[in-house]
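Asker: mind folding the following:
(2 chains)
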2 protein chains.
Amino acid sequence: MADCIRALAIDAVEAAKSGHPGMPMGMADAATALFDGFVKFDAADPRWPDRDRFVLSAGHGSMLLYALLHLTGHAGMGVEQLKQFRQLHSPAAGHPEFGEHPGIETTTGPLGQGLATAVGMAMAERLLAARFGKSLVDHRTWVIASDGDLQEGISHEAASLAGHLALAKLTVLWDDNSISIDGDTALSFTDDTLKRFSAYGWSTRRVDGHDPTAVAAALAWAQRSRRPTLIACRTIIGFSAPSKAGTAGSHGAPLGAAEAEGAKSALGWNHGPFEIPEGLRERWEAVGRRGAGTRRSWLKRLANHPQREEFERAIAGKLPEGWHLPLAALRAQHAEQKPKIATRIASQKALEALVPAIAEMVGGSADLTGSNNTNVKGVASVTPGNFAGRYIHYGVREHGMAAAMNGMALHGGIIPYSGTFLVFSDYMRPAIRLAALMRQRVIHVLTHDSIGLGEDGPTHQPVEHLASFRAMPNVFVFRPGDAMETAECWELAIKRADGPSLLALSRQNLPALRSDAGENRCARGGYVLEEASGPRRATLIATGSELHLAVAARVTLEAEGIGTAVVSLPCWELFALQDASYREDVLGSGLRVGVEALIGFGWDRWLGPEGVFIGMAGFGASAPAEALFKHFGITVEAVVAAVKKRVE
Amino acid sequence: MADCIRALAIDAVEAAKSGHPGMPMGMADAATALFDGFVKFDAADPRWPDRDRFVLSAGHGSMLLYALLHLTGHAGMGVEQLKQFRQLHSPAAGHPEFGEHPGIETTTGPLGQGLATAVGMAMAERLLAARFGKSLVDHRTWVIASDGDLQEGISHEAASLAGHLALAKLTVLWDDNSISIDGDTALSFTDDTLKRFSAYGWSTRRVDGHDPTAVAAALAWAQRSRRPTLIACRTIIGFSAPSKAGTAGSHGAPLGAAEAEGAKSALGWNHGPFEIPEGLRERWEAVGRRGAGTRRSWLKRLANHPQREEFERAIAGKLPEGWHLPLAALRAQHAEQKPKIATRIASQKALEALVPAIAEMVGGSADLTGSNNTNVKGVASVTPGNFAGRYIHYGVREHGMAAAMNGMALHGGIIPYSGTFLVFSDYMRPAIRLAALMRQRVIHVLTHDSIGLGEDGPTHQPVEHLASFRAMPNVFVFRPGDAMETAECWELAIKRADGPSLLALSRQNLPALRSDAGENRCARGGYVLEEASGPRRATLIATGSELHLAVAARVTLEAEGIGTAVVSLPCWELFALQDASYREDVLGSGLRVGVEALIGFGWDRWLGPEGVFIGMAGFGASAPAEALFKHFGITVEAVVAAVKKRVE
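Answerer: Numbering: from 1, shown residues only, chains lettered A, B, ... in the order given. Have a look, this model is predicted:
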C-alpha cells in the first residue's frame, strides 16, 4: 500500500518537472500505518467536525498528502488533479494550501508552522470537549514533521506549550531521515531531539519508519499516553531510488526518468504512471471508509444532543444572536461618559462586553496580560488539567501563540484573540501571514503602539510595524483613536470572518473624541470626524493616539480662520474598499496633513504629492512619552505650523 | 558589593518613576561574582578587542549593566547619568542601547535576541582566533538570560547552533527566578531547561544564585568546559524587597518609597540615594582595573604581531586595499558578455570576486546553500572542530542566523552575509530590526524574490516583504535587475558600514540590460536606464526581474511613437537620499508606470496620484513562473496597454 504513495509521488513530480519526491517516498510506510489504522476520518465528509486532524508540517512533501487524499477516495483529488500537480488552479498545489481541497487542514510549507498550528488544533479539541462534552468532541491531532520543522525556533515554543498543557492527543511523527537541503543534518545539527522533547514533558519513542508493525505499535502506544508524543521514525529519504535514496538529491527535484524507473523497479512496481492496481485501490478506499460508521454514530449523538444548535453554530463560525448588544450598550455608555482612557483599556472594556456574550472567544497573552488588558474578570485561565477556562497564558511565546491561534481558528468553534506589544508582532509575522493567506479569523491585540509607550525605548517602540502589515494582503489593521472607536473596531474585527485583524492600541490615556454611538463609523475605514466650519482649506488625517492632536490643531486653525477638517483613518484596508468618490469627499481637495507617530511609509497614497506627513522618520528613543512627542515634533503646534506655512 | 547594584537599581528606578528593579536585585550576587572574578575587561578601554563580551540578554534589567559600568569606573556612566536613567539623551536608556555607551555590547530588550547575538559573538571569537591566533584573540562570552529569553523560539535556534559548534567559551547564567510578568512561570512553563540544554550538547549546572561562592565555583567549572555552559542561578526576583520580593510586583515598576526603604533596610544599606560608600567603591573600581595588566600585555603582543595591521584593519571595519578590483573586473566582464543569468547566480559571481578579496567576509545559509548560491568554491565550511572555514551551515534557523550575524558584526572583525528565501525574511525580522537599530553591517542574500519562483506557491512567494523592509528605518533594500546591477548592489552593500543591506534576488534567469561598467549606477538608488528617443511621454519604473519587461515594453511603445523612458529603481533608500531635482529628472513629468511583481504598497511615492502600478494585488499561486506572470497580468503587453490607454 505504501508503494502506491511512492509511485504517485514519483509520477506527479516527474509530470510537473518540479517538486519534492524524497519525503513522500521516505514516509510512505509510516503514513500508511497511520492512515490504515489510526486516523479517524471518513473520506465521504472531510469536514466532519469530530474527525482527527492530520497536519503535514513538512509541507514540501505535499504529494504525500495528495496521494493519501486520492487513494482514500476523497472527491476532488482524482487522477486529473494529481496530473495537474503544481499547475495553475490545481488543488494539488506545490505546498498544501488550505481552501484548495477540504481534506487539507492547513497551509504548510514555511517550516515549523504546521507543528505549531497543530498544537492549536489540539488545544481547540480540548477546549471544545470541555464545552460540549466528549460525546461530540473527542479526536486526535497527528503531525508529520521534518528535521527542518524541529530546527525552527517556533518548534520550541509550540512543543513547550504542548508539553505544559499536556496535550495527550497530539502525536508528532518526525521524519528522522538525517538529510536536509545542504546535505547530512550533521552539517548543522547535533541535538538529541528525543531528550529535548522529553524535557518539554513529551513522551518519546524511536522506531524504524520503514517497519509498519513497529510504527503501528508506536502509534498505539501514543494513543495511550497521557502526554503529547513524539515518534522518531528513522527513514531513508527517497526510499527505493537507486542512487538518490538517502541523499539530498532526492529532496527537492524530480528524480529524472532513469532514477524514477529504477525506484519503481526496486519496489517491484510495474504499473503505468498514476495507475493504481485494483486490489490496492480497494484496500485504500476501505481505509477511506473505515470511519464511516463512527461518523454515523456521531451524527446520531449530535442529533439528540442538547447543545446541538450551539455546537453547529460555533463550528460554522456564526456569531450568537444578540452578541453585539452588550457592545452597543458600551458604545452608548462611552458616548455619554466620554472616558479619557488608553485604547488598551477601552479594548478591555470591549472584551468585557464581548467575551461573556460569545462563548467561542478564547483569549490570551504572551506574558503581558496586565499590559495588554486582554483578560476579563471572571473568565478562568486554561491550566494543564482544566480546559474549561477561556484564557491562555501563552508564556513569552509570541510566534507559538499566533500559530496556535491559527490552529484554533482552523479547527473551528473558536475565535481566538491574543495580546502582546505591537513591536513584538515581528515575532509573529510568519504565522500572521499564514492567517492572512488562509483567511482565518484571528484577532491580535497589539498594545503600546508608538513612542507613546515612553521610557522602554526604541526596542519597544513600533515605528514601521503598521506599514509592514498594511502591506500584507488580507490583513485588517485597526488603530482606533478613542474608546468609542476601539469598541467599533472590536465589533468589526469580530464580524470579520474571512481574515485576521490587528488592533494597535495605546498605552497612554486618550481623550474621548466621539459622542455619537449610532452608526459604526469605523466601518468605512475612514470618515470626517470634524468638518471645517467654513470652506475646507486643510484636512488633518490622523489615526489612533494622534487623532486628538489633529482635533486640537483644528481648533487653533479654525480660530485663525483656516477652515480645517479632521479625518480619522482607523483602518486603511476598509477605507480603500470604499468607492473613490467617498474617499475623495473625506480626504478633501485642499491641503492634506497626515499625523501618525509612526514611519510615513505608505501615507503618500492618502496625502498626494502636495501633502505633508507629521510623524517619525526613524527609530524612537527612551524618555517619558511627552518628551518624545516633543522631541520628534509630533505636536499640535507642529501640525498648526505645517498648515499655516502652506495655506496662508 | 552586590548590594551596591541593588541600591543603585532601586534608586534609579525610583528617580525615573519607571523601570525594572526586580531583575538587578535578584541577579546582583551572581553578576558580582561574575565581574569580580571572571569577566576579562579593563574599564579604561571598554572597546579593547580581546575583552570578554558580556551580554545582558534580559535587557529590561538594564540597571544591572549600568550599575556595573558605573561601579567599575567606566567613563560616561557617572552618577549624573544614572540619575538620568530612562530620560532623553541619557546613555542609561530604558533598555541597553548599543552606541549609547561603549560598554554596552549590544542592544537588548526583545527577548531571546541577546542570547542569540552572544552566540554570534562567540562564533566571531573562534573565527578570528583561527585567523589571527590565540595570542590576539582569546576571550569568552558571558550572558545573563531570563526565563523569557529561554521561552522564545530563537533561544532554541541559538542554543542548538551553539551546542552543535561546541562554543565552549560561551556561558549563560540563567536568572531562574520562576517569575514572569503574568506571575509564576508555572502558569505557562514546565520545561526541564537543564535537560533541554543538555540535549543541545551544553554542559549544565544549577546553583543558588545568592551564594557568591557557589556561583564562582560554577563559573570556574564553566571555564574548564569543552562545551557551552548553562548555569541556572536560583534567585529571588526583587531580593530584599519586604513584600514584593519573589513576586511579579517587583518586575516592571518602581518599588515605591516604602518598599524601597524596606529593601534597603533589609540589606542594612544606610546610604543616601545613588551614594556608594568609599570602601565599596574602591573594591568595585579595583574590579574595573583587574584586567589592565592583561590588556597591556596584549597590546605588547599586538605591537609585535606580524598580522597587526591586518588585525587592526579588520577590527576597525575597514575594507582591505584593492578589495573592489576583482569586482570591477567582473563588472567589465558582464559588460562584455552580457550574461543571461538569475540574479542569485550573479550574486554568486559577485561573491566569487568579493570573498577571496575580503578575508573578514563570513557567509552561510539557512539550509538553502544550493538555492541561495551563497557558497564560493574553495571556501571551507565551519565545523565544530574547525573555525578556519568561512562558510556556516546555519541549519533551518533563519532567526538564529540573523541574530548570530548581528553578534559577529558587533564583535568586530567579521562582515557576515547570509542566505535564505526572501519570504523567510519574516522569520528574521526581529533580528534585522536590531541590526538596523544598531546600524550593523550585515548582508542578507534573499533569493526567490517574487512569483517568479513558480511552483512552490504562495507560501514561498514574497509579495509584501520588500515593502515591509522599505518601511524599516536604516535598512537598504536592493533589488537588482541583471548581473551588472547585482555586482553594483553587492559593492554598495559591502561599502555600507552603518547598517544592514538586503539583496532581493531572482530564481529565474534575466537578460543582461547594461553594457556599461564604469560608474556604479545603482549608487544613486535609481537612474534612467533607457531614455526616450524623442520627448518623454511615459516613464516605466521597475526593479529586479521586471526591469526587462519595462525595457521590452519601451521598444513597442517607441515603435508606436510614444517617447518612453525606462527607470531602474534598485534601492529606494538611496534614491530617496538624492536631491529632489535629480529624482524629478529621473522620474519625469509624464505618465509614470511602476512595474514590480510585488504588492504596490509604497509605490505612490514615486508614481504620484496619476501613476499606474502593475504588480500584485494579493498573494501568489502555485504554477510555473511564466503562467503566473500571465495570470497576474504582469507582462510586456500589460505595460504597453497601460501606457497606451493613458497617453494616446
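
Asker: who's in contact with the residue in the stretch 101-250 of chain A positioned nearest to chain B?
Answerer: In the stretch 101-250 of chain A, the residue found nearest to chain B is A:Gly153; the distance is 2.7 Å by C-beta to the nearest C-beta. (Each C-beta comes from the backbone N, C-alpha and C, glycine too.) Going by C-beta atoms under 8 Å, 6 or more residues apart in numbering or on different chains, A:Gly153 touches A:112, A:399, B:152-157, B:397, B:399-400, B:427.

Asker: wait, which of those residues is closest to A:Gly370?
Answerer: B:Glu152 (19.6 Å; C-beta to C-beta).

Asker: residues contacting the closest one?
Answerer: A:153, A:157, A:396-398, A:427, B:111-112.

Asker: now it. Nearest residue, chain neighbours left out?
Answerer: B:Gly112 (3.1 Å; C-beta to C-beta, 6 or more residues apart in numbering or on different chains).

Asker: residues near the one you found, how many?
Answerer: By other C-beta atoms under 10 Å in any protein chain shown, 31 other residues sit near B:Gly112.

Asker: now A:Ala186, what's its secondary structure?
Answerer: helix (DSSP: H, G, I helix; E, B strand; the rest coil).

Asker: so who does it touch?
Answerer: Neighbour list for A:Ala186: A:Ser178 [criterion: C-beta under 8 Å, 6+ apart].

Asker: low-confidence regions, the stretch 251-400 of chain A specifically.
Answerer: In the prediction, the stretch 251-400 of chain A carries no residues with pLDDT under 70.

Asker: okay, helices next: where are they in it?
Answerer: In the stretch 251-400 of chain A, the helices defined using DSSP state H, counting those that start in this stretch lie at A:257-267, A:278-289, A:292-303, A:308-316, A:325-337, A:343-354, A:369-372, A:398-411.

Asker: could those helices go into JSON lines alongside mean neighbour count and distance to chain B?
Answerer: Putting the helices of the stretch 251-400 of chain A into JSON lines (neighbours: other C-beta atoms under 10 Å in any protein chain shown; distance: least, C-beta to the nearest C-beta, whole Å) gives the following:
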{"stretch": "helix A:257-267", "mean neighbour count": "17", "distance to chain B": "18"}
{"stretch": "helix A:278-289", "mean neighbour count": "15", "distance to chain B": "25"}
{"stretch": "helix A:292-303", "mean neighbour count": "14", "distance to chain B": "31"}
{"stretch": "helix A:308-316", "mean neighbour count": "16", "distance to chain B": "25"}
{"stretch": "helix A:325-337", "mean neighbour count": "17", "distance to chain B": "26"}
{"stretch": "helix A:343-354", "mean neighbour count": "24", "distance to chain B": "15"}
{"stretch": "helix A:369-372", "mean neighbour count": "20", "distance to chain B": "5"}
{"stretch": "helix A:398-411", "mean neighbour count": "31", "distance to chain B": "5"}
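
Asker: minimum distance to A:Pro228: which of the ones you listed has it?
Answerer: helix A:398-411 (13.2 Å).

Asker: is the following helix or strand past the closest one in proximity to chain B?
Answerer: Of the helices and strands lying after helix A:398-411 in sequence (DSSP states H and E), the nearest is strand A:415-421. No: against chain B, strand A:415-421 shows no contacts by C-beta under 8 Å from any C-beta of the partner chain, the least distance being 9.4 Å.

Asker: which helices and strands sit right next to strand A:415-421?
Answerer: strand A:361-365, helix A:369-372, helix A:398-411, strand A:443-447 (3 or more C-beta pairs under 8 Å, 6 or more residues apart in numbering or on different chains; DSSP states H and E).

Asker: chain B versus the spatially closest residue to A:Gly590 that is not a sequence neighbour, what's the distance?
Answerer: Closest residue to A:Gly590 apart from its sequence neighbours, by C-beta to C-beta, 6+ apart: A:Arg537 at 4.7 Å. Using C-beta to the nearest C-beta, to the nearest Å, A:Arg537 is found at 19 Å from chain B.

Asker: quick check, A:Arg537 in contact with A:Arg592.
Answerer: No: using C-beta atoms under 8 Å as the test, A:Arg537 is too far from A:Arg592 to be in contact (10.9 Å).

Asker: domains in chain A, as residue ranges please.
Answerer: A:2-296, A:325-504, A:522-647 (automatic domain parsing).

Asker: out of these, which is the most enclosed?
Answerer: domain A:325-504 (a mean of 24; mean count of other C-beta atoms under 10 Å in any protein chain shown).

Asker: could I get the pLDDT score of the residue of the stretch 101-250 of chain A closest to chain B?
Answerer: Looking at A:Gly153, its pLDDT stands at 98.

Asker: related to what we said a few turns ago, pipe the contacts of A:Gly153 into a markdown table and attach distance to B:Leu194 per row.
Answerer: A markdown table is the format used below for these (distance: C-beta to C-beta, whole Å):
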| residue | distance to B:Leu194 |
| --- | --- |
| A:Gly112 | 24 |
| A:His399 | 24 |
| B:Glu152 | 18 |
| B:Gly153 | 19 |
| B:Ile154 | 19 |
| B:Ser155 | 14 |
| B:His156 | 15 |
| B:Glu157 | 19 |
| B:Arg397 | 22 |
| B:His399 | 23 |
| B:Gly400 | 20 |
| B:Tyr427 | 27 |
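
Asker: ok, so of these, who is nearest A:Arg281?
Answerer: A:Gly112 (35.0 Å).

Asker: so where do the helices sit in the stretch 101-250 of chain A?
Answerer: Under DSSP H, counting those that start in this stretch, the stretch 101-250 of chain A gives helices at A:113-132, A:147-151, A:153-164, A:193-199, A:212-224.

Asker: returning to what we had before: nearest to A:Leu136, of the helices and strands packed on strand A:415-421?
Answerer: Closest among these, using C-beta to C-beta: helix A:398-411, at 13.4 Å.

Asker: for the closest one, name the packing helices and strands.
Answerer: Helix A:398-411 packs on helix A:113-132, helix A:153-164, strand A:415-421, helix A:425-438, going by 3+ C-beta pairs under 8 Å, 6+ apart.

Asker: distance to A:Glu531 added to these, as TSV?
Answerer: Shown next, in TSV, are those (distance: least, C-beta to C-beta, whole Å):
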stretch	distance to A:Glu531
helix A:113-132	46
helix A:153-164	48
strand A:415-421	35
helix A:425-438	34
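
Asker: pLDDT weak spots in chain A?
Answerer: The low-confidence ranges in chain A, as defined by pLDDT under 70, are absent entirely.

Asker: skip ahead from the biggest strand by length in it and say which helix or strand is next.
Answerer: The strand spanning the most residues in chain A, taking DSSP state E as the definition, is strand A:591-599. Counting by DSSP H and E, the element after strand A:591-599 in chain order, helix or strand, is helix A:604-607.

Asker: now check that next one, is it near chain B?
Answerer: Yes: Helix A:604-607 comes into contact with chain B (C-beta under 8 Å from any C-beta), by way of A:604-605.

Asker: gap between whatever helix or strand comes next after that helix and the chain center?
Answerer: Using DSSP H and E, the next helix or strand after helix A:604-607 towards the C-terminus is strand A:612-616. The chain centroid and the centroid of strand A:612-616 are separated by 32 Å under C-alpha atoms, centre = their mean, to the nearest Å.

Asker: helices and strands around strand A:612-616, which ones?
Answerer: By 3+ C-beta pairs under 8 Å, 6+ apart, strand A:612-616 packs against strand A:591-599, helix A:636-647.

Asker: list of residues touching the longest one?
Answerer: In this case it means helix A:636-647. By C-beta under 8 Å, 6+ apart, the residues outside helix A:636-647 that reach it are A:537-538, A:540, A:549-550, A:552-553, A:556-557, A:560, A:562, A:564, A:590-591, A:593, A:595, A:612, A:614.

Asker: 7 Å instead?
Answerer: Under the criterion C-beta atoms under 7 Å, 6 or more residues apart in numbering or on different chains, residues A:537-538, A:540, A:549-550, A:552-553, A:556-557, A:562, A:564, A:591, A:593, A:595, A:612, A:614 lie in contact with helix A:636-647.
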